[in-house]
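Trainee: Using only what follows, build the 3D model:
(one chain, ligands or ions: 1)
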Amino acid sequence: MIRPFKGTFRLTQGFGENPASYAKFGMKGHNGLDYGTPTNTQIIAPHSGKVIEASFDANGYGNYLKIENAVEGSVLAHLASFQVKVGDTVSEGQPIGLSDNTGNSTGPHLHWGYYLFPRNRQNGYVGFIDQLNLISMPAETPPPLEGLAIEVGYNPTFEGQDVTVNGVHYKAIKVDGKLVWKTEPQEDWKKKYEDEVAVHKATKLALEASLTKIANAKTALN
Ligand SMILES: [Zn+2]
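Mentor: Numbers count the residues shown, from 1 in each chain. Below you'll find the predicted structure:
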């Protein structure tokens, strides 16, 4: 099983977090993993299976997909659009839809719910389990370039507050009527990324110059 996207997006809400916000849904806490994917991020199948649901749930998941095989199942929620339909068979890593902020969500993100069979729907999370340690990919590193938009436990009273996630400092601000957590270190990361690109560009130019020199020398010999 892999994360349902390529690249690195910060885990913005872990499994079981914010119990107070989920009590009204009859749950002990958050029943999945949330990642700060900007709108229209390519979502891929975390594991193989059959698409058994592709629907819209206005008060919860928004546009969501459910994929299931003999041993496990996943719900991918708050999507913008689908690239598969009910009945399709998908393989791990196959593009299945684009992310967004549909349904009960306070900012663009991906909600990923995961369950194993036999599914115990009485576990306090409607049968979903914490899949974090089952993912076969290295821990994520840098946050995305733009400000991070995340779901804050469905609680708009976080506005203006500060929070630290994985050692990175964020402030909750409102952008276009949506609550977004912004952080300074992302600028540092952007600078580092741009520096790296500049080095690659310089290397490429140097290589091209050498190739041109060789080509010219060959022409001269002929
Ligand atoms: Zn969620």
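Trainee: burial measure for S91, as a count.
Mentor: 10 (other CB atoms under 10 Å). For glycine as for every other residue, the C-beta is placed from the backbone atoms N, C-alpha and C.
Trainee: Check whether it really touches S48, as I assumed.
Mentor: Yes - the criterion here is CB atoms under 8 Å, and S91 meets it with S48 at 5.0 Å.
Trainee: Distance check, T89 against G14.
Mentor: As judged by CB to CB, to the nearest Å, T89 and G14 stand 31 Å apart.
Trainee: For the strand ranked longest in the chain, buried residues please.
Mentor: Ranked by residue count under DSSP state E, the longest strand found in the chain is strand 72-82. For strand 72-82, a neighbour-count test (16 or more other CB atoms under 10 Å) marks E72, G73, S74, V75, L76, A77, H78, L79, A80, F82 as buried.
Trainee: the helices in this structure, which residues?
Mentor: With DSSP state H as the criterion, the chain has helices at 19-22, 185-221.
Trainee: rank those helices by mean pLDDT and give me the bottom one.
Mentor: Mean pLDDT is lowest for helix 185-221 among those, at a mean of 72.
Trainee: In contact with the residue of the chain found nearest the ion, which residues?
Mentor: Nearest to the ion, among the residues of the chain, is H111, at 3.4 Å (CB to the ion). Shown in contact with H111 (CB atoms under 8 Å, 6 or more residues apart in numbering): G32, L33, D34, Y61, V75, L76, A77, H78, S105, E151.
Trainee: Just list whatever residues bridge to the third one.
Mentor: Beta-bridge partners of D34, counted by DSSP bridges, are Q13, H111.
Trainee: Reformat the contacts of H111 as TSV; add distance to the ion and pLDDT.
Mentor: Formatted as TSV, these follow (distance: CB to the ion, whole Å; pLDDT from 0 to 100):
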residue	distance to the ion	pLDDT
G32	5	96
L33	7	95
D34	4	95
Y61	9	95
V75	10	98
L76	11	98
A77	7	98
H78	8	97
S105	8	87
E151	6	41
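Trainee: And the pLDDT at the nearest residue to Q131 once chain neighbours are set aside?
Mentor: Take Q131 and drop its neighbours on the chain: the residue closest to it by CB to CB, 6 or more residues apart in numbering is Y114, 3.8 Å away. Looking at Y114, its pLDDT is 96.
Trainee: Many thanks, have a good one.
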